[in-house]
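# this one's structure only:
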């Protein structure tokens, strides 16, 4: 085995390269973020919210299943190979979106996009965790998700501006052609596989293997099960925001450029915030980070229905983005912290299976509620579900490391410092393996 070292500094070139690749990955989602629901209404004359949100159901379901198989195949096929294969599925997507003659073309484009996202995003996540080792997992995931979701925001904003100037199609989707080609060529020629880093970490790892990776990650392991349910609910509310926010804002009389700005602020704060929250999750109790992140999301969604001005929506979109920034890198770092290196890719795949099924579940649920009771009711219901998810974390999850709670640090900073110097501070008992 070639000599390898774990750590961010020791693998900085490959790490930066993977950040760039993940920005291309995120940009592919941004293509649809601000304008596809409007294409459904204006060009294909779709009125029912469940029909409009069908593309998110397809995307989320396919991505979720692909995540699972990416995790299962990562050790067999190789991370880099899966990354390259994922980009091949992206190449037809912008052409399908710009030339679609009916809604079935859009659905097929989202099948390919779901496969692309499952293979590429999962591969970059696992490879970064492989490279950095234990010390900076949260920071690594923060950088990864920052790049991906900032790209979502920038491309969503860019497509909205292009659409406002030149029309909904075809010009906004030219951006996707550039992104897919850049992602494929960069991954093929410059990215290196990380299998030797996995072998290196495995030789010095004391975490026991999971008895059943699927069921332990899904339910039975208290930490992993808590993270998995929260991931599902997080993407459930994100699927709702993706599909209904543009329609809600249009009904409020906002122009397409304003809609693009609001729908871009949420993933922008989400993305930029992870530069800070990822590192915070390496220090603070992960349970505390996850609880408050989900709680803030729920509060923002409930208050969203009472907003009336453009400024209100900007503030609430920012709050929703910050709450999501608190949990997203923490999800992945927590899964890595609770799994053996040989189980890690598969466990992450199971987590991402359930997390991204949240897109499909959220699109169906919010569409049905919106058609029956209105968009405001749909948003409130999802906000309440998000608050309930935060309570599950508070009740069930425990911290595995001697880390301070976020609230204790904020409100009793001096006391915690003194206490921490004398005895290790924990926010809960160890979770049984």
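Great, that's in hand. Values in this document were obtained by computation on a predicted structure and should not be read as measured data. Numbers count the residues shown, from 1 in each chain.

# contacts, neighbours, all on C-alpha from now
OK.

# what's the offset of the helix or strand encompassing residue 115 from the middle of its chain?
According to DSSP states H and E, residue 115 maps onto helix 103-132. Taking Cα atoms, centre = their mean, to the nearest Å, the mean C-alpha location of helix 103-132 is offset from the chain mean by 11 Å.

# what comes up buried for that helix?
For helix 103-132, burial by neighbour count (16 or more other Cα atoms under 10 Å) applies to 103, 105-132.

# So which residues of the stretch 301-433 of the chain form helices?
310-337, 341-373, 375-396, 406-411, 413-422 (DSSP state H, counting those that start in this stretch).

# Likewise for the stretch 1-150 of the chain?
With DSSP H, counting those that start in this stretch as the criterion, the stretch 1-150 of the chain has helices spanning 12-33, 36-42, 49-52, 54-77, 79-90, 93-99, 103-132, 137-166.

# Could you measure from residue 290 over to residue 242?
As for residue 290, its distance to residue 242 is 22 Å (criterion: Cα to Cα, to the nearest Å).

# wait, I meant residue 41
The gap separating residue 41 from residue 242 is 15 Å, by Cα to Cα.

# Just want to know which of those two has more residues nearby.
With neighbours defined as other Cα atoms under 10 Å, residue 41 and residue 242 compare such that residue 242 has more, 22 against 15.

# follow-up on the earlier one: what angle separates the helix holding residue 115 from helix 12-33?
Interaxial angle of helix 103-132 relative to helix 12-33 (axes from the mean of the first three to the mean of the last three Cα atoms, to 10 degrees): 160 degrees.

# ok, residue 253 - contacts?
Contacts for residue 253 were tallied using Cα atoms under 8 Å, 6 or more residues apart in numbering; there are none.

# what about it, which SS state?
Under DSSP: H, G, I helix; E, B strand; the rest coil, residue 253 falls in the coil class.

# Tell me, what's the model's pLDDT at it?
Per-residue confidence at residue 253 stands at 85 (pLDDT).

# What's the separation between it and residue 310?
Relative to residue 310, and taking Cα to Cα, residue 253 is found at 10 Å.

# same deal with residue 167?
Distance of residue 167 to residue 310, computed by Cα to Cα: 23 Å.

# what does residue 381 give?
Computed as Cα to Cα, the residue 381 to residue 310 distance reads 23 Å.

# thinking again about what came up before, lowest average confidence across the helices of the stretch 301-433 of the chain, which one?
Note on the helices of the stretch 301-433 of the chain: helix 413-422 shows the lowest mean pLDDT, a mean of 44.

# re earlier: reformat the helices of the stretch 301-433 of the chain as JSON lines; add distance to residue 37.
Putting the helices of the stretch 301-433 of the chain into JSON lines (distance: least, Cα to Cα, whole Å) gives the following:
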{"stretch": "helix 310-337", "distance to residue 37": "18"}
{"stretch": "helix 341-373", "distance to residue 37": "12"}
{"stretch": "helix 375-396", "distance to residue 37": "14"}
{"stretch": "helix 406-411", "distance to residue 37": "38"}
{"stretch": "helix 413-422", "distance to residue 37": "46"}
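
# looking at those helices, which is closest to residue 140?
Residue 140 lies closest to helix 310-337 among those, at 8.2 Å (Cα to Cα).

# What residues sit buried inside the closest one?
Neighbour-count burial for helix 310-337, counted by 16+ other Cα under 10 Å, picks out 313-337.

# Also stretch 62-79?
62-75, 79.

# Of those residues, which pair is most distant in space?
Farthest pair in those, by Cα to Cα: 62 and 75, 21.2 Å.

# Could you list the low-pLDDT ranges of the stretch 51-200 of the chain?
Along the stretch 51-200 of the chain, the parts satisfying pLDDT under 70 run over 52.

# I'd like to check which residues are in contact with the closest residue to residue 307 other than its chain neighbours.
Leaving out its chain neighbours, the residue that sits closest to residue 307 by Cα to Cα, 6 or more residues apart in numbering is residue 313, at 6.3 Å. By Cα under 8 Å, 6+ apart, the contact list for residue 313 reads 262, 304, 307.

# Looking at those, which is nearest residue 24?
residue 262 (21.7 Å).

# Please tell me how far the closest one sits from residue 275.
Counting by Cα to Cα, the gap from residue 262 to residue 275 is 21 Å.

# Show me which of those two is the more surrounded one.
In terms of neighbours (other Cα under 10 Å), residue 262 is the more surrounded of residue 262 and residue 275; the figures are 26 against 22.

# these two touch, right, the more buried one and residue 312?
No. Using Cα atoms under 8 Å, residue 262 makes no contact with residue 312, being 10.1 Å away.

# For residue 176, see how far away the nearest residue to residue 181 once chain neighbours are set aside is.
Leaving aside its chain neighbours, residue 181 sits nearest to residue 91 (7.0 Å; criterion: Cα to Cα, 6+ apart). Here residue 91 is placed at a distance of 8 Å from residue 176 (Cα to Cα).

# Looking at the two, which one has more neighbours?
Neighbours around residue 91 and residue 176, counted as other Cα under 10 Å, are more numerous at residue 176. The numbers are 26 against 21.

# okay but the more buried one is in contact with residue 29, surely?
No. Counting by Cα under 8 Å, residue 176 stays clear of residue 29, with 9.3 Å between them.

# so where's the stretch 201-350 of the chain uncertain?
For the stretch 201-350 of the chain, applying pLDDT under 70 flags the ranges 205-206.

# contacting residues for residue 294?
So residue 294 contacts 230, 234, 323-324, 327, 386-387, 389-390 (Cα under 8 Å, 6+ apart).
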